[in-house]
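[1] Provided below for reference: sequence and predicted model.
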Amino acid sequence: MPPTWLLAALLGAAAGCQDIQLYFGRLPSSMEIESVTLLPSATSCSCCGLCHRNPACQSLTFRADDNQCILYSSVGGLADFDRKAPWTNEKFFFMPGRSQSGEFCQTDSDCITSGDFCRGRICTTDDTLTCRDFYDINNNLRSDRYWGYIAGREILLGCSMGSRRGLTQLMRTWPSEQWTAASRLNMTTYNNDGTARTNNLQSILWAADIIRDASSSSDSTYQVLVSGYRVDKQGSDDREDWIHHHRNIMFAVPRDVSLLGDTPRSIPYNVEGGHSFAFADGSSVSFPYLVNSGGQILYHANMNPSSNFGVIVRTTGPLRWVGPTDYPNHITVYIRE
C-alpha cells in the first residue's frame with residue numbers, strides 16, 4: 001500500500017488547493033489544528049491532501065525548507081495573515097468555496113456570504129480596495145505588493161505600510177524615453193511571473209482621483225507623498241558601505257484638488273525626517289501637476305513650469321530634486337485617501 005503522504009498528495013492533486021500569488025505566510029497559532037513534518041520527498045500537494053482528509057481544515061501553510069505542513073480551521077484573510085517574504089518559502093493555500101467576508105478568494109464562487117464578490121483576492125462588498133484599506137484591516141502588514149481593486153479591475157498595488165499607514169504607490173519614475181503624455185498616466189512593466197513591477201517604471205496616475213474619492217473618512221484632506229531617493233555606492237560592492245539619501249515631502253491636500261490638474265498650486269507640506277527642502281534655483285514647491293506644453297517635462301512639482309528642478313516625469317535628461325538627492329535614482333509618488 002502506498003505511504004500516507006503519497007495518498008494525501010493524490011487526494012490534494014485531485015481536489016485542488018488555491019493560493020494567492022505572491023502571498024507567503026501563515027495564520028495565527030490559535031487557528032492551527034495540526035502541524036506535521038512531512039517526508040523530504042513531499043510537496044505542497046502532499047500538505048493539501050492532508051487538509052482535504054481533515055474535515056475541519058480550511059487552509060494551510062507549507063514550508064518547503066523543512067517540509068512543515070500547518071493546517072488551519074479558517075480560510076483566513078488579511079486581518080489574520082502574518083505575511084512573510086517569498087524567500088521564507090512559507091506558501092499559503094486555502095480550500096475553494098468556503099470563504100466568509102474578508103477572507104481570501106480566487107473567484108466569486110469562493111465567497112459564501114450573500115452580496116460578497118471576490119475583489120482584490122478577498123470576499124467583500126467594497127467597490128475599491130487600496131493600500132489604506134489593507135492597513136486598516138491589519139496595521140501589522142508588511143510593505144509589499146498587494147492585490148487591490150480599482151474601477152472594476154484587479155490591480156497589483158505597491159503598498160507602504162508601518163508608519164506610512166497604507167500609502168498606495170501611484171508613480172515610480174526616472175528619466176526614460178518610455179515616458180510620454182499617455183504613459184505618464186498609465187505604465188506597467190512586468191516580472192517573468194506575469195505580475196506588475198512596482199519597483200520599476202510605473203504609473204497608475206489614472207487612478208489617483210478614484211482612490212481619493214473612495215475614502216469614507218470625514219477628513220477634509222488627503223495625503224500625497226513625493227519621495228526622492230538616491231544611492232551612493234562610493235565605489236563599493238558592499239551594500240553596507242552605500243549611502244542612502246531621501247528627501248520626502250508630504251502634502252495635506254484639500255479633497256477638491258486633483259493630482260491630474262494642470263496648474264501649479266501652493267499646498268501645505270511637511271518635509272519628512274526633519275530635513276530641509278529647497279530647490280537650487282530658488283523656485284517654490286508646487287503640488288504635482290501635469291505639464292501639457294509638448295516639451296520634455298511631463299509632470300512637475302515646481303511653481304515654475306519651465307524649471308528643471310522638481311520634475312517628477314520627463315522624457316529625457318536628469319531629474320533634479322533637492323540636495324543631497326540631486327539627480328536621484330528615482331522619484332516615487334504615493335497617495336493615502
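    Nice, I can see it. Please read all numbers here as calculations on a predicted model, not as lab measurements. Numbering: from 1, shown residues only.
[2] Neighbours of the nearest residue to L259 once chain neighbours are set aside, how many?
    Among residues not flanking L259 along the chain, A208 sits closest, at 3.9 Å (C-beta to C-beta, 6 or more residues apart in numbering). (Each C-beta comes from the backbone N, C-alpha and C, glycine too.) Residues near A208, counting by other C-beta atoms under 10 Å, number 23.
[3] just checking, A208 is part of a helix?
    Yes. Read with DSSP: H, G, I helix; E, B strand; the rest coil, A208 is one of the residues of a helix.
[4] Next, work out how far apart it and Y289 are.
    The gap separating A208 from Y289 is 12 Å, by C-beta to C-beta, to the nearest Å.
[5] What of F24?
    For F24, the distance to Y289 (C-beta to C-beta) stands at 39 Å.
[6] same deal with I33?
    With C-beta to C-beta as the criterion, I33 and Y289 are 55 Å apart.
[7] quick one: which of those two has more around it?
    Y289 (22 against 15).
[8] The more buried one bridge partners, please.
    Beta-bridge partners for Y289, by DSSP bridges, are H300.
[9] was I right about it contacting L298?
    No. Y289 is beyond contact range of L298, at 10.5 Å (criterion: C-beta atoms under 8 Å).
[10] who touches F104 in this structure?
    I20, Y23, S59, V75, G76, G77, F94, D110, R121, I122, C123 (C-beta atoms under 8 Å, 6 or more residues apart in numbering).
[11] and the residue nearest to the fifth one when sequence neighbours are not counted, how many neighbours?
    The reference is to G76. Nearest non-adjacent residue to G76, counting by C-beta to C-beta, 6+ apart: L27, 4.5 Å away. Residues lying near L27 (other C-beta under 10 Å) number 24.
[12] go on, the one 3 residues further on?
    For S30, the number of neighbouring residues by other C-beta under 10 Å comes to 9.
[13] part of a strand, is it?
    No. Under three-state DSSP, S30 falls outside any strand and is assigned helix.
[14] OK, contacts around it?
    So S30 contacts nothing (C-beta under 8 Å, 6+ apart).
[15] Same question for stretch 57-71: list its buried residues.
    C57, Q58, S59, L60, T61, F62, R63, N67, Q68, C69, I70, L71 (16 or more other C-beta atoms under 10 Å).
[16] mind exporting it as CSV, just the C-alpha atoms?
    The C-alpha trace of stretch 57-71 is given here as CSV (Å, rounded to 0.1, in the frame of the first residue of the first chain):
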residue,chain,number,x,y,z
CYS,A,57,-9.2,22.1,7.6
GLN,A,58,-9.9,25.3,5.6
SER,A,59,-6.4,26.4,4.7
LEU,A,60,-2.7,25.5,5.1
THR,A,61,0.9,26.7,5.0
PHE,A,62,3.5,24.5,3.5
ARG,A,63,7.1,25.5,4.4
ALA,A,64,9.4,23.9,1.8
ASP,A,65,12.6,24.4,3.7
ASP,A,66,11.7,21.8,6.3
ASN,A,67,8.5,20.2,4.8
GLN,A,68,6.4,21.6,7.6
CYS,A,69,2.6,21.4,6.9
ILE,A,70,0.3,23.5,9.1
LEU,A,71,-3.4,23.1,8.8
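[17] Does the residue lying closest to L290 once chain neighbours are set aside fall in a helix, a strand, or a coil region?
    Closest residue to L290 apart from its sequence neighbours, by C-beta to C-beta, 6+ apart: D262 at 4.6 Å. Under three-state DSSP, the three-state class of D262 is coil.
[18] again with A252
    Secondary structure, three-state DSSP: A252 is strand.
[19] go on, T180?
    Taking three-state DSSP, the label given to T180 is coil.
[20] same question, D219
    Under three-state DSSP, D219 falls in the coil class.
[21] For it, grab phi and psi.
    D219 adopts backbone torsions of phi -60, psi 140, taken as degrees, to the nearest 10.
[22] Strands along the stretch 201-337 of the chain, start to end?
    202-203, 221-232, 243-254, 269-271, 285-290, 297-302, 311-314, 330-336 (DSSP state E, counting those that start in this stretch).
[23] circling back: tell me the two of the buried residues of stretch 57-71 that are most distant?
    Largest separation among the buried residues of stretch 57-71 by C-beta to C-beta: Q58 and N67, giving 21.1 Å.
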